[in-house]
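Asker: Starting from these lines, generate the structure:
(2 chains)
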Amino acid sequence: MSTSSAPASASAPARPSPLKRLPIVETLQFAILSGALIWLGMRGADAMGYRWQWYRVPQYIYKVIDGELIWGPLMRGLFVTIELSLWSLVFTVLIGFVAALLRLSNSLVGRGVARVYLELIRNTPLLVQLFLFFYILAPILGIDRFWTGVLALAFFEGAHAMEIFRAGILSVQRGQWEAANSLGLTTVDTYRFIVVPQALRLVLPPLTSLIITLIKHSAIVSAIAIADLTTEGRNTIAHTFLSFEIWFTVAGMYLVLTVSLSIAVGFLENHLKKGYR
Amino acid sequence: MATKKGLRLNWLDFLVLSLIATAIIFIAYRVNVVLKYEWGWQSTLGYIIRYDEELESWVPNLLMHGFFTTIRLSIWSSVLAAVIGVVLGLCRTSHNLFLRMVARAYVELIRNIPPLVFLFIFYFFLSSQIMPLFNLDGLMRDASPTTHSIVAFLFGPPKLLNNFVGGMIALAMFEAAYVAEIVRAGVQSIDKGQWEAANAIGISRLDVLRFVILPQAIKRVVPPLANQFISLIKDSSIISLISIQELTFMAQDVIIATHRLFEVWIVTALFYFVICFGFSLAFSRLERRMQIDSETS
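Answerer: So this is what the prediction gives:
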């Protein structure tokens, strides 16, 4: 990111004073702006007759009864979200990998199926796909609510995963394939010993950002009343009418989840980079 | 990986074909024998277009109205998101740290929470705080029939104007964060040499942006922005959960009326598919033509 402390209109860059080098002024401005926005929000809420009741929120996150920690509905929703996302991730990787293999195979039907799958998923909204799964496929195949959500999310993200795997596999040079062929390895063995280990390096960073996208998209399963964080948030609001407080808490919980995952991903990428010159 | 002589099917082809055939037979069996679903395409198609006896012509029905609302919502939201997004993207690349921090905070906040949560919060805040200030309902009540018909063409039924504008702004604020990232990437992809050369000539920063950087950045930014437009059309379906009467909402309405679950959802998915796939084909053709133009000029 280009940062120069001297203004662009200066003809010769002057020596910046030590005070100018610290971003005190701008940080202060940012703090003032944030404070002003928050103040505006509170004023607006007061004008609407809204009484902030933040003290009522923690009981929906956790309760300590007789020295025992009991998770409130919001935390239980968070656990369901995490469980849903993890299962979706498993199926996403499976579907994406199989679809990528089909796309790269030399079978006409296989490539056609992968292409049709990609275009169908990419050109319809997630909500419509979720409803298609829930109202049409679930009664036909007899799947329950939670697994319908898992499968709908997995098929949606699977298209993205397919492109990631395809890019990873294609990134392995042709020379590797030819060398493996000349050694007499079968296709399966080539994939297993030569291609996948090398493709993994290119595939892991986008996959980890896929996890974060998956968690964000998992909020949509509240439309079919799976008890995830968003659904529990809406239910709590229906009980208590604490709209702003609960929504901000729910958004904050998603933020904590995704930002901590992003940081973990950053560490992983640094670690991977160290392995290669 | 293509076959050399015409259509040669190998074992994988047969495996995949047989799997697909098994799946179709299984689903057909479950639908017709176990669920005993009664197909009724006629009533569903009647909800797309119906014959009005009085006007003696074909008149669009609920699903078509929802389709038009989706198109209007997408276009207006895109325009607003483009404006806000470009401003934010330029703030992200500004020399002023304060502007950078504000833009970064906004973009990171939106990109890290689910679209559903953001839309709920923002629409709720918008409809209770900001929309009463605009007083669109009052404006519509006192407006002339001409204004009504213009508004009906541009924004949909005047009764639902408040609703529509609220949803449009919420969607635009959400997409603006993604547009900002695309614009930022575009501006930052311009070679630093351009900035330095322009500075050496002595042009002010705003003029550098206007005459040197942005014309080049816009060319690079148009394909991802076209993709984002298609993404916006898909995200507009989430708005149906806030009771804005676009296509997905109307589909649920029609299902409540007719109980034709399968047909309505298949038709709705087809509507979205046709819009999105059509746009993406059109954009790729446009992109190829732009490339050919720029190579031959």
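
Asker: residue ranges of the strands in the stretch 1-150 of chain A, please?
Answerer: A:62-65, A:68-71 (DSSP state E, counting those that start in this stretch).

Asker: Now tell me which of the ones you listed the model trusts least on average.
Answerer: In terms of average pLDDT, strand A:62-65 trails the rest of the strands of the stretch 1-150 of chain A, at a mean of 76.

Asker: What residue, apart from its backbone neighbours, is nearest residue 59 spatially?
Answerer: Went with chain A since none was named. A:Gly72 (6.2 Å; Cβ to Cβ, 6 or more residues apart in numbering or on different chains). All C-beta atoms are positioned from the backbone trio N, CA, C, and that covers glycine.

Asker: Sorry, I should have been clearer: chain B.
Answerer: B:Val59's closest residue in space is B:Asp52 (Cβ to Cβ, 6+ apart), at 4.3 Å.

Asker: Tally up the residues packed near the residue nearest to A:Gln59, please.
Answerer: 16 (other Cβ atoms under 10 Å in any protein chain shown).

Asker: What separation is there between it and chain B?
Answerer: 18 Å (Cβ to the nearest Cβ, to the nearest Å).

Asker: can you pull the buried residues of the longest helix anywhere in chain B?
Answerer: Criterion DSSP state H: the longest helix present in chain B is helix B:261-296. By neighbour count with 16 or more other Cβ atoms under 10 Å in any protein chain shown, helix B:261-296 contains the buried residues B:261-265, B:267-269, B:271-273, B:275-277, B:279-280, B:283.

Asker: Intersect these with the contacts of chain A.
Answerer: Counting by Cβ under 8 Å from any Cβ of the partner chain, B:Leu261, B:Phe262, B:Trp265, B:Thr268, B:Ala269, B:Tyr272, B:Phe273, B:Cys276, B:Phe277, B:Ser280 from the buried residues of helix B:261-296 sit close to chain A.

Asker: List of residues touching stretch A:63-79?
Answerer: By Cβ atoms under 8 Å, 6 or more residues apart in numbering or on different chains, the residues outside stretch A:63-79 that reach it are A:59-62, A:227-233, A:235-236, A:246, A:249-250, A:253, A:257.

Asker: so how far is the first residue of that stretch from its last?
Answerer: 16 Å (Cα to Cα, to the nearest Å).

Asker: measure A:Ala36 to B:Ala180 for me?
Answerer: Applying Cβ to Cβ, to the nearest Å, the value for A:Ala36 to B:Ala180 is 22 Å.

Asker: More neighbours: these two, which one.
Answerer: Using other Cβ under 10 Å, the more surrounded residue of A:Ala36 and B:Ala180 is B:Ala180, with 26 against 10.

Asker: A:Glu245 - how many residues pack around it?
Answerer: Neighbourhood size, A:Glu245 [other Cβ under 10 Å]: 20.

Asker: now the helices: where do they sit in the chain?
Answerer: Unless you meant another one, I'm taking chain A. If DSSP H is used as the criterion, the helices of chain A fall at A:18-21, A:24-47, A:73-104, A:108-122, A:126-131, A:138-141, A:145-170, A:174-183, A:187-189, A:196-217, A:229-240, A:243-275.

Asker: Chain B is the one I meant
Answerer: B:11-29, B:41-46, B:62-92, B:97-111, B:115-125, B:131-134, B:136-141, B:145-155, B:161-188, B:192-201, B:205-207, B:214-235, B:247-258, B:261-296.

Asker: for the shortest one, which positions count as buried?
Answerer: It stands for helix B:205-207. Here helix B:205-207 shows B:Arg205 as buried, counting by 16+ other Cβ under 10 Å.

Asker: now that helix: how far from the chain's centre is it?
Answerer: 32 Å (Cα atoms, centre = their mean, to the nearest Å).

Asker: in the chain, which ranges drop under the pLDDT threshold?
Answerer: If you meant another chain, say so; for now it's chain A. For chain A, applying pLDDT under 70 flags the ranges A:1-22, A:44-45, A:47-48, A:275-277.

Asker: switch to chain B, that's the one I care about
Answerer: B:1-7, B:297.

Asker: Give me the most central residue, it.
Answerer: B:Ile233 (1.8 Å; Cα atoms, centre = their mean).

Asker: who's in contact with the closest residue to that one other than its chain neighbours?
Answerer: Distance criterion Cβ to Cβ, 6+ apart; nearest residue to B:Ile233, sequence neighbours excluded, is B:Ser74 at 4.7 Å. By Cβ under 8 Å, 6+ apart, B:Ser74 lies in contact with B:Phe229, B:Leu232, B:Ile233, B:Ser236.

Asker: and what of B:Glu181?
Answerer: With Cβ under 8 Å, 6+ apart, B:Glu181 has these contacts: B:Gly89, B:Arg92, B:Val107, B:Arg111.

Asker: Give me the nearest residue to residue 189, chain neighbours excluded.
Answerer: With no chain named, the answer covers chain A. Nearest non-adjacent residue to A:Asp189, counting by Cβ to Cβ, 6+ apart: A:Ala180, 7.7 Å away.

Asker: right idea, wrong chain: chain B
Answerer: B:Arg220 (5.9 Å).

Asker: what about that neighbour, how many residues close to it?
Answerer: Look at B:Arg220: counted by other Cβ under 10 Å, it has 14 neighbours.

Asker: Then A:Gly142?
Answerer: Neighbourhood size, A:Gly142 [other Cβ under 10 Å]: 9.

Asker: Could you dump the strands of the stretch 1-150 of chain A into a markdown table with mean neighbour count added?
Answerer: What follows is these, written out as a markdown table (neighbours: other Cβ atoms under 10 Å in any protein chain shown):
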| stretch | mean neighbour count |
| --- | --- |
| strand A:62-65 | 10 |
| strand A:68-71 | 10 |
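
Asker: which residues sit in contact with the residue nearest to A:Asp189?
Answerer: Contacts of A:Ala180 by Cβ under 8 Å, 6+ apart are A:Asp189, A:Thr190, A:Phe193, A:Ile194.

Asker: what's the burial count for the first one?
Answerer: Meaning A:Asp189. 13.

Asker: so who does the spatially closest residue to B:Val107 that is not a sequence neighbour touch?
Answerer: With Cβ to Cβ, 6+ apart as the criterion, B:Val107 has its nearest non-adjacent residue at 4.6 Å, and that residue is B:Ala177. By Cβ under 8 Å, 6+ apart, B:Ala177 lies in contact with B:Gly85, B:Leu88, B:Tyr106, B:Val107, B:Leu109, B:Ile110, B:Arg111.

Asker: For the buried ones among these, write the corresponding ChimeraX selection.
Answerer: If you want just the buried ones from those in ChimeraX, going by 16+ other Cβ under 10 Å, the selection is:
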select /B:85,88,106,107,110,111
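
Asker: Pick out whichever of the contacts of B:Ala177 sits closest to chain A.
Answerer: B:Leu109 (7.4 Å; Cβ to the nearest Cβ).

Asker: That closest one and B:Leu171, how far apart?
Answerer: Distance from B:Leu109 to B:Leu171, by Cβ to Cβ: 16 Å.

Asker: ditto for A:Glu178
Answerer: 50 Å.

Asker: Comparing the two, which residue is more hemmed in?
Answerer: Taking other Cβ under 10 Å, A:Glu178 and B:Leu171 do not tie; B:Leu171 has more neighbours (29 against 10).
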